[in-house]
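>>> Please work out how this folds:
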Amino acid sequence: MEQQKTFYLPFVSHVASISSIKRDDVEAQLSYARTVEEKAGARNGGGIWSAAEQKRCVWTRRQLSTRYSENEYITAVRLQLGLGEAEIMGHIVKPGDQCTCRYKTVLNEVDQHFHGCPHGAAARTRAHTRIQETVRDVITKTNFVNRPTDISIPSSKKQKVMDIAIADPTSGNTYHIDFRRTDSLCTTYQDRGKDSSSARPHAFNAATQDKASTYSDESAHHSAILTPFCVDSNGSFAPRDPIFNAGGRLDPTPIISAVFRNGKAASKEGRIPLSVEEGFLRILANRAADPETGSGIFDSTISIAAASRRIVAQTEQLIAYHASKGSAQGVINSLSRSQYIQ
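This is a model prediction of the structure:
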């Protein structure tokens with residue numbers, strides 16, 4: 001049991017100081033590294049560890065490809081464990097070195113700049129797009145109706161385009177879904193002085209508030225539920241804070257009530273609540289597995305409920321794969337295109 005308790009704890013003896021943490025502040029360094037305890041044990045956050053398992057598509061029965069190159073896998077594991085990027089691919093950053101991107105960011109021994117460096121933007125964008133396509137693939141198997149993704153209204157200062165806009169003929173709800181790949185290991189989300197596990201919810205709340213400030217007026221005009229779909233860099237989800245009203249522009253109650261029975265994200269007291277993203281995927285999977293509301297069960301020897309569980313499992317695994325691989329590719333691209341200058 002003691003081993004099980006510490007299984008997800010990262011190995012931190014090699015964790016050096018990072019920006020804004022003093023070199024001799026061991027407690028702060030450990031607090032930063034321990035954030036990954038919560039991440040590694042998060043719902044869907046351990047997808048990288050099952051990447052090598054052979055999987056077949058629930059729709060076509062063809063083998064799914066969830067492969068990493070050697071560099072991608074090594075980098076993804078380091079990101080999962082919070083070990084930093086200082087020595088990946090032979091790069092050893094020296095004090096005072098700067099990135100050659102347009103921001104000329106000063107780097108540190110264990111630096112988080114590469115999580116968002118412009119040199120890796122293309123890889124992160126591809127990860128976002130593939131996560132979106134994974135969810136859309138399930139939507140196409142359901143009875144949900146597509147709505148125009150251009151949701152601009154007269155008061156919009158510029159064109160507003162939603163990633164996915166769909167209507168549920170069963171409930172009558174319209175959903176405006178906008179995807180966001182967050183990275184809770186970035187220093188901006190490390191909430192020092194508090195429980196280190198708050199970094200991931202902090203990242204999700206910030207992403208939700210950003211989407212609310214961007215799209216809330218348009219979604220309200222179309223009587224749609226604005227649904228930020230947040231996925232962290234390792235594919236994990238976080239339960240939506242039921243009292244976090246993003247800048248007074250996005251009450252969480254409508255989406256929580258829409259995707260969970262009785263408006264509760266946890267079926268029993270004491271259980272970790274599901275995230276909105278997980279609840280929404282389960283609605284899609286249930287519809288897709290039912291022949292009356294979707295493409296129907298793919299294997300007549302199992303029940304609709306069992307088919308739905310398989311659809312959910314595959315979808316979450318693919319989301320974790322695209323998120324972790326895209327994040328790793330972003331770091332690798334940033335490192336390979338950067339030459340440090342002093």
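
>>> low-scoring stretches of the stretch 101-250 of the chain, by residue?
Low-confidence segments of the stretch 101-250 of the chain, defined by pLDDT under 70: 108-111, 187, 190-198.

>>> Quick one: the helices in it, in order.
Using DSSP state H, counting those that start in this stretch, the helices of the stretch 101-250 of the chain run over residues 121-139, 199-221.

>>> most packed of these?
Greatest average neighbour count among the helices of the stretch 101-250 of the chain goes to helix 199-221 (a mean of 20), per mean count of other Cβ atoms under 10 Å. Glycine gets a C-beta too; all of them are placed from N, C-alpha and C.

>>> Quick check: which of the helices of the stretch 101-250 of the chain is nearest to Val312?
Among the helices of the stretch 101-250 of the chain, the nearest to Val312 by Cβ to Cβ is helix 121-139 (9.0 Å).

>>> if we can go back for a sec, out of the helices of the stretch 101-250 of the chain, nearest to Gly247?
Nearest of the helices of the stretch 101-250 of the chain (Cβ to Cβ): helix 199-221, 5.4 Å.

>>> Packing partners of the closest one?
If you count contacts as 3 or more Cβ pairs under 8 Å, 6 or more residues apart in numbering; DSSP states H and E, helix 199-221 packs onto helix 26-40, strand 174-182, strand 225-232.

>>> The second one pairs with which strands?
Using DSSP bridges, strand 174-182 pairs in its sheet with strand 164-167 (antiparallel), strand 225-232 (parallel).

>>> Next up, the contacts around the residue sitting nearest the centre point of the chain.
By Cα atoms, centre = their mean, the chain has its centre lying nearest to Val231, at 1.3 Å. Shown in contact with Val231 (Cβ atoms under 8 Å, 6 or more residues apart in numbering): 131, 179-182, 237, 277, 319, 323.

>>> gap between it and His202?
Val231 is 15 Å from His202, where distance means Cβ to Cβ, to the nearest Å.

>>> one step back: compare the helices of the stretch 101-250 of the chain and report which one is nearest to Ser295.
Among those, the nearest to Ser295 by Cβ to Cβ is helix 121-139 (9.7 Å).

>>> Which elements pack onto that closest one?
With contacts taken as 3+ Cβ pairs under 8 Å, 6+ apart, helix 121-139 sits against strand 164-167, strand 174-182, strand 225-232, helix 276-289, helix 304-337.

>>> Done for today, thanks.
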